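Engineer: My questions are about this predicted structure, shown below with the sequence.
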Amino acid sequence: MKKNITLAVLLLTTMVLAAGCATPFPYGVLYTGIKSPIAVGDGTISYSKVGTAVSNSYFGLVATGDASIETAKANGDIRTIKYVDYKAENILGIIGTYTTTVYGD
């Protein structure tokens with residue numbers, strides 16, 4: 001039992017220290033759930049189409065997918081980008097979903 005508690009404390013301490021690294025977005029060790037603006041294009045903010053692209057992370061060891069702006073643009077059949085948003089959700093570093101959303105015409 002003592003070994004399990006010691007291992008859990010060591011693991012949590014390592015996660016907290018690793019989370020102290022500078023990142024471009026807010027990051028939580030236990031849970032991350034953020035939405036952030038990425039870019040704004042030329043023109044008015046009105047739009048007629050939305051496209052998304054998603055990538056996933058598993059156990060902080062494997063990451064797959066294409067959450068690029070170009071893929072989101074293609075998925076929404078968008079020719080002119082008005083603005084781009086980013087959404088990240090991650091639970092305990094086990095499962096993470098990262099979504100780029102492009103708005104445009």
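Structural biologist: Here it is on my side, so go on. Numbering: from 1, shown residues only.

Engineer: Tell me which stretches of this structure form helices.
Structural biologist: 2-18, 69-75 (DSSP state H).

Engineer: The residue lying closest to Val84 once chain neighbours are set aside: what's it in contact with?
Structural biologist: Spatial nearest neighbour of Val84, excluding adjacent residues (CB to CB, 6 or more residues apart in numbering): Ile38 at 4.2 Å. In short, each C-beta sits where N, CA and C put it, glycine included. Ile38 makes contacts with Ile69, Tyr83, Val84, Asp85, Tyr86, Thr100, as judged by CB atoms under 8 Å, 6 or more residues apart in numbering.

Engineer: looking at the helices of the chain, which has the lowest confidence?
Structural biologist: Comparing mean pLDDT over these, the weakest stretch is helix 2-18, at a mean of 62.

Engineer: Just confirm Ser48 contacts Asp105, I think it does.
Structural biologist: Yes: in terms of CB atoms under 8 Å, Ser48 counts as a neighbour of Asp105; the distance is 5.1 Å.

Engineer: Pick out whichever of those two has more residues nearby.
Structural biologist: Neighbours were tallied for Ser48 and for Asp105 using other CB atoms under 10 Å; the higher tally belongs to Asp105 (14 against 11).

Engineer: That one and Tyr47: what is the separation?
Structural biologist: Distance of Asp105 to Tyr47, computed by CB to CB, to the nearest Å: 6 Å.

Engineer: Touching both of these two, which residues are there?
Structural biologist: Lys82.

Engineer: Not including adjacent chain positions, what is the nearest residue to Phe59?
Structural biologist: Ile94 (5.7 Å).

Engineer: Could you pull up the contacting residues of that neighbour?
Structural biologist: Going by CB under 8 Å, 6+ apart, Ile94 touches Tyr58, Phe59, Gly60.

Engineer: Equivalent analysis for Tyr83, please.
Structural biologist: Neighbours of Tyr83 in contact, by CB under 8 Å, 6+ apart: Pro37, Ile38, Ala39, Val40, Gly41, Ile45, Tyr47, Val102, Tyr103, Gly104.

Engineer: Can you tell me which of those has the most neighbours?
Structural biologist: Among those, the one with the most neighbours (other CB under 10 Å) is Val102, at 28 neighbours.
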